[in-house]
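[1] model this:
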Amino acid sequence: MLSVGGNDALRHIGLLDTPMRSSTQAFDMLAGAVADFESAYAQAVRPCLATDLPLVICTIYNGNFPDATLQRRASIAATAFNNVILREATVNGLRAIDLRLVCDRPEDYANPIEPSSIGGEKIVRAIARAVEGPAHRGLGAHVIGKN
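    Numbers count the residues shown, from 1 in each chain. From the prediction side, this is the model:
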C-alpha cells in the first residue's frame, strides 16, 4: 500500500485564497505545484515497484472543510494532484483506491483533513477489496471506490 500526497497538496492550500489577476495565473500556479508533486510522487513509487511485490496506491481524499467555498476549491485542486496518482497507476498497471469515493460523507472525517474512525473503517474495507484476488500488473489501472 502506498498512500502519500495529501500533505504535499496541503502545503499549497494557500493558493486557494490567493488573489489572482487572471485564471491563467491561477492555473499556472496550480500547474507548478502539481509539476513538483509529479516528480516527487514518481520518486516515491519507483522503489516500491522495484520490490516486485504487489502495489496498491491511493488517491488523496477531498477532506471535509467547514466552508463550502473552500471545500469546492480544495476538491478541484486535489483533482489535479489525484490525476498524477491515477496516471501512475495506469502507466504501471496498478490497483488504486480512490479515497474520494471511499470517504465521501462528513462523518468520514474527524476534522477537515483526517479520517474519523468511520472513515478509517471504510478505508480498511477498501484496502481489503484491493488486495483480494490475484496480484497483477497489466496495462491500465483497476480503481477501487465505494462498496
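
[2] Could I get the phi/psi values of the closest residue to Glu88 other than its chain neighbours?
    Excluding the flanking residues, the one nearest Glu88 by C-beta to C-beta, 6 or more residues apart in numbering is Val45, at 5.4 Å. For every residue, glycine as well, the C-beta is placed using N, CA and C. Main-chain dihedrals, Val45, degrees, to the nearest 10: phi -80, psi -40.

[3] Distance-wise, check Val45 relative to Glu107.
    Separation of Val45 from Glu107 (C-beta to C-beta, to the nearest Å) stands at 31 Å.

[4] Same drill for the two, tell me which one is more crowded.
    Remark: of Val45 and Glu107, Val45 carries more neighbours, 20 against 11, as counted by other C-beta atoms under 10 Å.

[5] hey, where'd the strands end up in the chain?
    In the chain, the strands defined using DSSP state E lie at 56-58, 95-97, 142-144.

[6] weakest of those strands by average pLDDT?
    Of all those, mean pLDDT reaches its minimum on strand 142-144 (a mean of 64).

[7] Please give me every residue in contact with the residue sitting furthest away from the middle of the chain.
    In terms of distance from the mean C-alpha position of the chain, Arg21 ranks first, at 28.6 Å (C-alpha atoms, centre = their mean). If you count contacts by C-beta atoms under 8 Å, 6 or more residues apart in numbering, Arg21 has none.

[8] Leu99 now?
    Shown in contact with Leu99 (C-beta under 8 Å, 6+ apart): Ser3, Cys58, Thr59, Ile60, Tyr61, Ile123, Ala126.

[9] what residue ranges in the protein score low on pLDDT?
    Low-confidence segments of the chain (pLDDT under 70): 133-147.

[10] go again using 80 as the cut-off
    Within the chain, the segments meeting pLDDT under 80 span 7-18, 20, 133-147.
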